[in-house]
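> Sequence plus predicted model, see below.
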Amino acid sequence: MKHIVHIAGSLLLALIIWQGLVWAGNWNEALFPSPYRTWTGFYELVADGTLGQDIIASLIRFAIGYITAAVAGMVLGLLLGWYRHTWAYLNPIVQVLRPISPVAWLPFIVLFFGIGEMPALVIIFIAAFFPVLLATVAAVADIDPVYLKVARNFGIGQPAILTKIVFPAIFPRIATGLHLALGTAWIFLVTGEMVGAQSGLGFLIIDARNNLRADLLMAAIITIGVLGLCLDSGVRLIETAVNRRWGVHERS
């Protein structure tokens, strides 16, 4: 109940500040729409089905890019974290590539994959891959040696040590990388959809801007934020379920 009250209070405060900015700035609503004007634009997008179609398109792209990056990051992270000598050679390369914004690769992504769906998927993949990879490698390197001693005492060999001992033990730390990757990938989803995509929330933003519909633009922005919150909450629920399944204590 308190959680609902907090959400309602936060929403009310945001609306008051928003409306206050509209009044204080005395801007034309065609440039900076009020909450009511944005609501009418949101209703328009819902009524004609545009918003629903764009949300579905964005979620499908995001799911493909994010899940692929998460699986690849965890698998490679387990292997590279376990074989530390190999990671010692690859780590400098990863540390050079990691800070580069996925958008910086855009000309080469378009060159290799063309214009359309693939650039958005590749950008999402790049944005999500490195946080998961680095979190997994660091978690493997810091695993409690007791787990490995117990596994060896019971005669457990590879690949069972990695899949049945190491991975469950370090999953709470990997989950931190998954949360970070989700936020980063969701941000760059919009950028990816601005490159040749004909659907999705990123395309909706570009279309609203080109048609000088600030109300639709604001509605799309708010939708992106709300969906991002829902996705993060979904990942937390999955994390909690996995921790309970493996008997891992939840973090406070």
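Yep, it's here.
> ok, Ala175 to Phe167 distance?
12 Å (C-beta to C-beta, to the nearest Å). In short, each C-beta sits where N, CA and C put it, glycine included.
> List the buried residues for the helix or strand harbouring Ala63?
Assigning secondary structure by DSSP states H and E places Ala63 in helix 50-82. The neighbour-count check on helix 50-82 (16 or more other C-beta atoms under 10 Å) flags 50-51, 54-55, 57-58, 61-62, 65-66, 69-70, 73-74, 76-82 as buried.
> now swap in stretch 92-108 and tell me
Within stretch 92-108, the residues scored as buried using 16+ other C-beta under 10 Å are 94, 102-103, 105-106.
> ok, so of these, who is nearest Ala219?
Comparing the buried residues of stretch 92-108 against Ala219 with C-beta to C-beta places Val103 closest, at 24.2 Å.
> correct me, but that closest one touches Phe188?
Yes - when contacts are counted by C-beta atoms under 8 Å, Val103 is listed as touching Phe188 (7.1 Å).
> and for the two, which residues touch both?
By the contact definition C-beta atoms under 8 Å, 6 or more residues apart in numbering, Val103 and Phe188 are jointly contacted by Ile123.
> tell me the average confidence for the helix holding Ala63?
Averaging pLDDT along helix 50-82 yields 93.
> what's the next helix-or-strand element following that helix in contact with?
Counting by DSSP H and E, the element after helix 50-82 in chain order, helix or strand, is helix 84-97. For helix 84-97, the external contacting residues (C-beta under 8 Å, 6+ apart) are 79-81, 130, 133-134, 137, 141.
> switch to 7 Å and redo it
By C-beta atoms under 7 Å, 6 or more residues apart in numbering, the residues outside helix 84-97 that reach it are 80-81, 137, 141.
> try stretch 211-228
30-33, 37-38, 40-42, 45, 51, 55, 183, 186, 190, 201, 204-205, 208-209.
> Apply 8 Å and report the result again.
Stretch 211-228 is contacted from outside by 29-33, 37-42, 44-45, 51, 54-55, 58-59, 183, 186, 190, 201, 204-205, 207-209, using C-beta under 8 Å, 6+ apart.
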